[in-house]
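>>> I'll drop the sequence and a predicted model, then ask my questions.
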Amino acid sequence: MLKKAWWLNLLLVALLGTALVAGTGCGGAGEQAPQDEKQEAKLSGTITAAGSTAMQPLIEEAAKKFMEKNPDVQITVQGGGSGTGLSQVSQGAVDIGNSDVFAEEKSGIDASQLKDHKVVVQAFAVVAHPDVGVDNLTKQQIQDIFTGKIKNWKDVGGRDHKIFVVNRPKGSGTRATFEKYVLDGKEIAAGDAVQDSSGAIHKTVSETPGAVGYLGIAYCDENVKTIKIDGAAPTERDIAAGKYPFWSYGHMYTRGEPTPLVKAFIDFILSDEVQQGIVKEMHYFPVTGMQVERKP
């Protein structure tokens, strides 16, 4: 009886030892998860962006998606025009200055203090009231309209109606792009009205008989007529072929290197999810797919 108990005790000790060794092996029940398997730190904080109204719909939609993924982040997106965005980010008043133009092209801005993040290619369009009777103009005709030489739509093949010219203010990046690439640097006339955003241009042109203006194509719809320039349309195809001149990069400027939170937001906008999704859905073009390039 004692001999049998001795063998039973020996067997029990052997089994316990085996279990302890197994418990310390890879994937054993007693093992703690390695430190590098800890969950990624959650993003939190606030971001303020201001500037280009042509970019504003895209940045607002991207911000909404980013905040859905990161509930502890709050992003505020404001307009004001490219000049405002560049000025405010230079002064440290906002985290991001959205601009249709290179900072080097804006007087009073020290571009060396800013970091350029090109996030999108955006086309602009000359737009008119739907009843003007014109859907194509030569660059020369557009120049003559906006410099005050042509004052009636009948002179460019349209209805007999006075042309009502709507402009953006001088701080506008859209206006700067229009003057540089469509007017070829010619001095723009005062016009009949000045509106401080693409949305306001759309409203005025759509509601005013004979009106003509220019805005980002994200705002184009059936309420305004999009005018071709020398037969070319504001499409990715015509821009890439060098046929359509009225486009620019959408820049997100930061004052020096962005903070980790701001960088995460910019990286999100440059991700395939946004570039191949929201960007195309909202009639912008992915910055990585362009075959032509512009520099300051």
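Yes, it's here.
>>> Give me the below-cutoff pLDDT ranges for the chain.
Counting by pLDDT under 70, the chain has low-confidence residues at 1-41, 289-292.
>>> can you give me the strands for it?
45-51, 73-80, 96-99, 114-128, 136-137, 164-167, 193-194, 211-216, 225-229, 247-255, 285-286 (DSSP state E).
>>> In contact with the closest residue to V165 other than its chain neighbours, which residues?
Counting by Cβ to Cβ, 6 or more residues apart in numbering, V165 lies nearest to G191, which is 3.7 Å off, once chain neighbours are set aside. Bear in mind the C-beta positions are built from the backbone N, C-alpha and C, glycine included. Residues near G191 by Cβ atoms under 8 Å, 6 or more residues apart in numbering: F146, V165, V166, N167.
>>> could you show me where the helices are in this protein, in order?
Listed in chain order, the helices of the chain (DSSP state H) span residues 2-23, 56-69, 82-91, 139-146, 173-181, 198-207, 236-240, 260-269, 272-273, 279-281.
>>> related to what we said a few turns ago, now render the contacts of G191 as TSV, adding neighbour count and distance to V119.
TSV is the format used below for the contacts of G191 (neighbours: other Cβ atoms under 10 Å; distance: Cβ to Cβ, whole Å):
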residue	neighbour count	distance to V119
F146	25	29
V165	21	31
V166	23	28
N167	22	27
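>>> nearest to T208, of these?
Of all these, T208 sits closest to V166, with 7.6 Å by Cβ to Cβ.
>>> does that closest one have beta-bridge partners, and which?
A193 (DSSP bridges).
>>> Would you confirm that it contacts D196?
No: in this structure V166 lies outside contact range of D196 using Cβ atoms under 8 Å: 11.3 Å.
>>> most tightly surrounded among the strands of the chain?
strand 96-99 (a mean of 29; mean count of other Cβ atoms under 10 Å).
>>> Alpha carbons only: can I get that one in CSV?
Backbone C-alpha positions of strand 96-99 (Å, rounded to 0.1, in the frame of the first residue of the first chain) are rendered in CSV as follows:
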residue,chain,number,x,y,z
ILE,A,96,-3.8,74.8,-41.6
GLY,A,97,-4.0,77.4,-44.3
ASN,A,98,-5.8,76.1,-47.4
SER,A,99,-4.8,77.8,-50.7
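>>> That's all I had, so thanks and see you.
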